[in-house]
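Asker: mind folding the following:
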Amino acid sequence: MKLGQKTTELLTGLTVTPIVLYVLSKDGLNRRINCQPHGINPKTGEPVETIWTCDEHLKDGPIEGDLPFHLIGECAEDEATGFNGRISEICLHINGCVHVVITPKGVAENGNAIRSINFDIRRVKGKNIPKFNAQELNKSIKEKPSPTSCSRPNR
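Answerer: Next up is the predicted model:
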């Protein structure tokens, strides 16, 4: 099945639309799917909050998606900010946009690990990350726009 195709999440029985596929392993087998349940929260008038699931819990699963999961573990840097580390997750959005999560080394002043950040792969540089020329980049952005925000699975 494809992202955007309505199905049933088997554990909850909810009608859902898978909207984001996350891959968390280099072999592509550790996957999480963010799904939008059908419905509006009557108290807020907003869509019901998304839920996380996996392929085996989707009635019509697994989710199809061609992702470069071989990039997991590689060094990468966001060109706009200089934020760098290793790619720990790759995700495919419903519109076809691919994002990577970069996990830096080190500890923040408070003693916690520095948090991982999600970036559109088109603005990330790394040894095996393909580069777009200006025309290809504009075409890709038009055909596969990046979402303004997205949640990440709990690990």
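
Asker: which helix or strand contains the most centrally placed residue in the chain?
Answerer: Nearest to the mean C-alpha position of the chain, counting by C-alpha atoms, centre = their mean, stands C91 at 2.7 Å. In the assignment (DSSP states H and E), C91 maps to strand 84-93.

Asker: average model confidence for the helix or strand following that strand?
Answerer: Later in the chain than strand 84-93, the nearest helix or strand by DSSP H and E is strand 98-103. Here strand 98-103 scores 94 as its mean pLDDT.

Asker: any idea how far strand 98-103 is from the middle of the chain?
Answerer: For strand 98-103, the distance between its averaged C-alpha position and the chain's averaged C-alpha position is 7 Å (C-alpha atoms, centre = their mean, to the nearest Å).

Asker: right, and the helix or strand after that strand?
Answerer: The next secondary structure element downstream of strand 98-103 (using DSSP H and E) turns out to be strand 117-120.

Asker: okay, now the sheet partners of that following strand, with direction.
Answerer: Note on strand 117-120: by DSSP bridges, its sheet partners are strand 98-103 (antiparallel).

Asker: for the strand holding C91, which positions count as buried?
Answerer: When burial is assessed from 16 or more other C-beta atoms under 10 Å, strand 84-93 yields the following buried residues: 85-93. All C-beta atoms are positioned from the backbone trio N, CA, C, and that covers glycine.

Asker: make JSON lines from these and add pLDDT and distance to A76 to it.
Answerer: Output for the buried residues of strand 84-93, formatted as JSON lines (pLDDT from 0 to 100; distance: C-beta to C-beta, whole Å):
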{"residue": "G85", "pLDDT": "97", "distance to A76": "7"}
{"residue": "R86", "pLDDT": "97", "distance to A76": "7"}
{"residue": "I87", "pLDDT": "96", "distance to A76": "5"}
{"residue": "S88", "pLDDT": "95", "distance to A76": "10"}
{"residue": "E89", "pLDDT": "94", "distance to A76": "12"}
{"residue": "I90", "pLDDT": "95", "distance to A76": "11"}
{"residue": "C91", "pLDDT": "93", "distance to A76": "14"}
{"residue": "L92", "pLDDT": "92", "distance to A76": "17"}
{"residue": "H93", "pLDDT": "92", "distance to A76": "18"}
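
Asker: surely S146 is in a strand?
Answerer: No: S146: not assigned to a strand; according to DSSP: H, G, I helix; E, B strand; the rest coil it is coil.
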